[in-house]
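Peer 1: Generate a structure from the sequence data that follows.
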Amino acid sequence: MLSQEEFTAVATLVGMIGSVVIFLWKVFKTSKIFLRDHEEVKKSIETIKSEVMPNGGTSIKDTINCLKDTCQRIEITQKVLDQRSKAALHYTGRPLFETDKVGRVTWSNESFQELTKEHGKFSEGLDWICIIDEEEREEFLKEFSSCLEMCRRVDIETESVDGQKIHFLGYPYRISEKSHEGFLIHLYKEN
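Peer 2: Predicted structure coming up:
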């Protein structure tokens, strides 16, 4: 039989060995989880890398580059079409002007500028409204604002500051049924 001191020494040794085994087991278990997570992270990185690296036209990077080129071509084509339309409208005999979605002039043709030259230059903003007789202006603005808000055709007869009957006829650049990006408006004096 073991003496009290020997028993205490053996028990202490067994306790230390048990603690070391438990510690090593926890380290091993944590390391195993870490290594498994590390492998999943590596697989995810490889998947992302394969999507971003060029591989003959099907990677995300290739798709983005193709979309970038397509968007640049569309932008160039749109600029050409816009300039072509403006050039065609600029020399027409009809006085035309374009507004943005809140009614500010963004463009006008030569005929409009000739028709309104006595009242100032209306190349931008809401100054164009001053060609309308002051007594008629409030009613005109109310109707015009309604057309802007409701995205509907402008068809307003009013009186100019010269006392002549003038007619505004225009259509919205519709984006959807309820939204637009401005109007193209034809202005003419009535006989």
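Peer 1: Of all the residues in stretch 87-104, which ones are buried?
Peer 2: Residues Leu89, Pro95, Leu96, Phe97, Glu98, Thr99, Asp100, Lys101, Gly103 are the ones in stretch 87-104 that count as buried (16 or more other C-beta atoms under 10 Å). (C-beta placed from N, C-alpha, C; glycine too.)
Peer 1: Would you check which pair of those lies furthest apart?
Peer 2: Spatial extent of the buried residues of stretch 87-104 (C-beta to C-beta) is set by the pair Pro95 and Lys101 at 21.4 Å.
Peer 1: ok, the buried residues of stretch 87-104 vs Glu177, which is closest?
Peer 2: Lys101 (14.8 Å).
Peer 1: Quick one: low-confidence residue ranges for this structure.
Peer 2: Filtered on pLDDT under 70, the chain yields the residue ranges 2, 51-59, 122-124, 191.
Peer 1: Tell me how it divides into domains.
Peer 2: Domain ranges of the chain: 4-52, 54-90, 93-189, per automatic domain parsing.
Peer 1: Of these, which stretch is the most buried?
Peer 2: For the domains of the chain, the largest average neighbour count (mean count of other C-beta atoms under 10 Å) is found in domain 93-189, namely a mean of 16.
Peer 1: Work out for me the element Asp155 sits within.
Peer 2: strand 154-159 (DSSP states H and E).
Peer 1: Please write out the alpha-carbon positions of that strand in PDB.
Peer 2: C-alpha atoms of strand 154-159 as PDB (Å, rounded to 0.1, in the frame of the first residue of the first chain):
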ATOM      1  CA  VAL A 154     -49.500  70.900 -73.500                       C
ATOM      2  CA  ASP A 155     -52.200  72.600 -75.500                       C
ATOM      3  CA  ILE A 156     -52.700  76.100 -74.200                       C
ATOM      4  CA  GLU A 157     -53.900  79.200 -76.000                       C
ATOM      5  CA  THR A 158     -53.100  82.500 -74.400                       C
ATOM      6  CA  GLU A 159     -52.100  86.100 -75.100                       C
END
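Peer 1: pull the longest helix from the protein.
Peer 2: With DSSP state H setting the assignment, residue counts place helix 4-52 as the longest helix in the chain.
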